[in-house]
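*Asks:* Got a predicted structure plus its sequence, pasted below:
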Amino acid sequence: MTDYLARWTGKRHAGHAIGVQSPIEIVGERNKHLGPRFDFARVAIRVEPNEQFIVVNKIVEEIPEAYGFPDKFIFGVLDEVMTGAPGPIENIKITLKMVEYDSTDSSPNAFTQAGRDAGRKLKTALGLSS
Amino acid sequence: MAAIMPFQAPLERRHRLISTYSCCPLSEQRIPTPDPETAANDAALETLERQGIPYVPGYESQLYHPSVIIKYPDHFNPAAHP
């Protein structure tokens, strides 16, 4: 199993870790028009309480490696949940349930941004500032 | 004193850019839709069509210089990579 926390290069918030009390369903999305081009990715996840940060990939669809999925998405989630006040949300299990991408409009960055969107939505669901 | 002649290539590039983007607002006016985001998407697609750029995986390679795509590969569809 990939240790995403060890590979994530951001700086975690110094506060003590925050967990979730019950499972939360979230859809992280990037659907943006950027000048003359587009950026699209959508990933549905389930976040549950856990003793440590783990990711379970239940997606059976083959996503070309060049899109960087699921790593880019998970690092996007970590960018949000590990850096906000009052502390990192790290005692969770993330289950990847569904992914949508477009062979013309998706990019690795679209998955990163979708991950950040999911992280912001998780913080909002927990009543934390996003 | 001799007149200083501007480099022609940058000027031509700038004129091409201006003509590319200035047609977007015109296109938006022509497309009847209440959603600004959809209007912008439709305008971008119509602009591509007018430029003769097919909207297929990797089309960004015809909009951006290869050096830009090489420098920021994560921001582009894999099919656009040189």
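*Replies:* Received it, and whenever you're ready, just let me know what you need.

*Asks:* Mind naming the longest helix for chain A?
*Replies:* Counting residues, the longest helix found in chain A (DSSP state H) is helix A:108-125.

*Asks:* Contact residues of chain A facing chain B?
*Replies:* Contacts of chain A with chain B, taken as Cβ under 8 Å from any Cβ of the partner chain, map to A:33, A:35-38, A:64, A:66-68, A:72, A:103-109, A:112. In short, each C-beta sits where N, CA and C put it, glycine included.

*Asks:* Any of these buried? List them.
*Replies:* A:33, A:36-38, A:67-68, A:72, A:104-109, A:112 (16 or more other Cβ atoms under 10 Å in any protein chain shown).

*Asks:* Now flag whichever of the residues you listed is closest to A:Thr95.
*Replies:* A:Lys72 (17.5 Å; Cβ to Cβ).

*Asks:* How far away from the center of its chain is the helix or strand hosting that closest one?
*Replies:* According to DSSP states H and E, A:Lys72 maps onto helix A:71-81. Using Cα atoms, centre = their mean, to the nearest Å, the mean C-alpha position of helix A:71-81 is found 4 Å from that of the whole chain.

*Asks:* got a list of contacts for that helix?
*Replies:* Applying Cβ atoms under 8 Å, 6 or more residues apart in numbering or on different chains, the contact partners of helix A:71-81 are A:2, A:4-5, A:7-8, A:10, A:28, A:41, A:43, A:45, A:55, A:88-90, A:92, A:94, A:96, A:108-109, A:111-120, A:122-123, A:130, B:74.
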